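the amino acid sequence is not available; the structure is as follows:
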């Protein structure tokens, strides 16, 4: 929970949008999650452990009321916790839109504004070449872990055409499916699949190293967009017993600055570090990555085809 919260708090525009909507959600009982999150943000730099402890218990209870799996003190997965929190925030949107309308104002869901993106999913029959297209919304992508590959290469593999067994009206039984970005988010949330099933259906933790870039380009048919790493959640340990920490850009730091100031949040311990250090030291442990959009490049192109060894 701590590592997830620290990563969310590093998204300054995301948190700022929640605060700016306080008039809408402040007196709505169902919006307790937003109230508690803003209260935690207010005391983020406080040295009073008791106040923080009470707010963290309150936050945990609010999440647990919606997701009973988190009620106990047993070990849970940071990715599952984070996506549960985001889904709950997004689920409040219809109610808060109605409240805003009654107040004569508008409500903007922070998850939809900053994290949601759309993907085109194209399927093509190998026999008759007939294509079907549908569009889905995502808040994150789960990428297969490829040892020694860059995050860009793993993302490109996700977008590579895959073969499917599908019976077409023409009688064909083979088709291909391909994902492509229809829109891009302000913050691209990537989950690396470090927990996987073996050939004998046993779950295991993968400590394979990956190359973690401070900056990467996301290729689309409309343009190339640069993203910069602003936060990461790492998992240390094994499947049965592990520990999460968060590394994120120092608050108020311009990503273009040469100082490269970062902070490592390890429960109650906080220390200064740098993004270059994190990219080097978290290659074996990086689990969840937050990349912030920096701008669209001038050059327009089709999506590149990169060779990735799987």
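Great, that's in hand. Here the structure is a predicted model, which is why all the values come from computation and not from measurement. Numbers count the residues shown, from 1 in each chain.

how far out from the middle of the chain is the longest helix belonging to the chain?
Identified as the longest helix of the chain according to DSSP state H is helix 49-66. Distance of helix 49-66 from its chain centroid, counting by Cα atoms, centre = their mean, to the nearest Å, is 22 Å.

from the contact counts, what lies against the next helix or strand after it?
Where DSSP states H and E defines the elements, the next helix or strand beyond helix 49-66 is helix 78-91. Under the contact criterion of 3 or more Cβ pairs under 8 Å, 6 or more residues apart in numbering; DSSP states H and E, helix 78-91 touches helix 2-9, helix 32-42, helix 49-66, helix 110-114, strand 224-237, strand 286-296. The way it works is simple: take the backbone N, C-alpha and C, and place the C-beta from them, glycine included.

rebuild the ones you listed as JSON lines, extending it with distance to residue 215, mean neighbour count and mean pLDDT.
As requested, those are exported to JSON lines (distance: least, Cβ to Cβ, whole Å; neighbours: other Cβ atoms under 10 Å; pLDDT from 0 to 100):
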{"stretch": "helix 2-9", "distance to residue 215": "18", "mean neighbour count": "22", "mean pLDDT": "96"}
{"stretch": "helix 32-42", "distance to residue 215": "27", "mean neighbour count": "19", "mean pLDDT": "96"}
{"stretch": "helix 49-66", "distance to residue 215": "32", "mean neighbour count": "14", "mean pLDDT": "94"}
{"stretch": "helix 110-114", "distance to residue 215": "19", "mean neighbour count": "19", "mean pLDDT": "97"}
{"stretch": "strand 224-237", "distance to residue 215": "5", "mean neighbour count": "21", "mean pLDDT": "95"}
{"stretch": "strand 286-296", "distance to residue 215": "8", "mean neighbour count": "21", "mean pLDDT": "90"}
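
ok so, going back, list the contacts of the longest helix of the chain.
1-2, 5, 32-33, 36-37, 39-40, 43, 46, 70-71, 81, 84-85, 88, 268 (Cβ atoms under 8 Å, 6 or more residues apart in numbering).
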